[in-house]
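Engineer: here is my input; please provide its structure:
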Amino acid sequence: MKNDVELIREYGKHHEGVWPEIIKSIKDSGIINMQIYRFETSLFMIMGVDETFNFDKKQQTDLNNAKVHKWEELMAKYQQPFQGSIEGEKWKPMDKYLN
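Structural biologist: Have a look, this model is predicted:
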């Protein structure tokens, strides 16, 4: 996230009332639940998915969803990509070491 107290507060407010179309696109993709945590300016997302979920398919579906585009444009105001990210990339998969 951008290191700005007001922007961090606004980001949290937006996530108290995520648009219904965004929730629908998440659930329709096979994501059963999603949690986002923040520590200072870092965000960490945990997703529970079913057997139909596929990252590439979700990305392709989102490309054709105008509401998802609007949400992502809004969130770009608050998020700062990791160093070395490609343009438009806000989230990075992480390696899991302990079950």
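Engineer: just for the protein, where's the confidence low?
Structural biologist: In the predicted model, the chain carries no residue with pLDDT under 70.
Engineer: same thing but at 80, please
Structural biologist: Per-residue confidence for the chain (pLDDT under 80) gives these ranges: 88, 99.
Engineer: may I ask which helix or strand encompasses Lys67?
Structural biologist: Lys67 belongs to helix 66-76 when elements are defined using DSSP states H and E.
Engineer: where does Leu7 fall, helix, sheet strand or coil?
Structural biologist: Here Leu7 takes the helix state, with states given by DSSP: H, G, I helix; E, B strand; the rest coil.
Engineer: give me every residue that touches it.
Structural biologist: Met1, Lys77, Tyr78 (Cβ atoms under 8 Å, 6 or more residues apart in numbering). Every residue, glycine included, has its C-beta placed from N, CA and C.
Engineer: can you tell me which of the residues you listed are buried?
Structural biologist: Members of the contacts of Leu7 that pass the buried threshold by neighbour count (16 or more other Cβ atoms under 10 Å) are listed as Met1, Tyr78.
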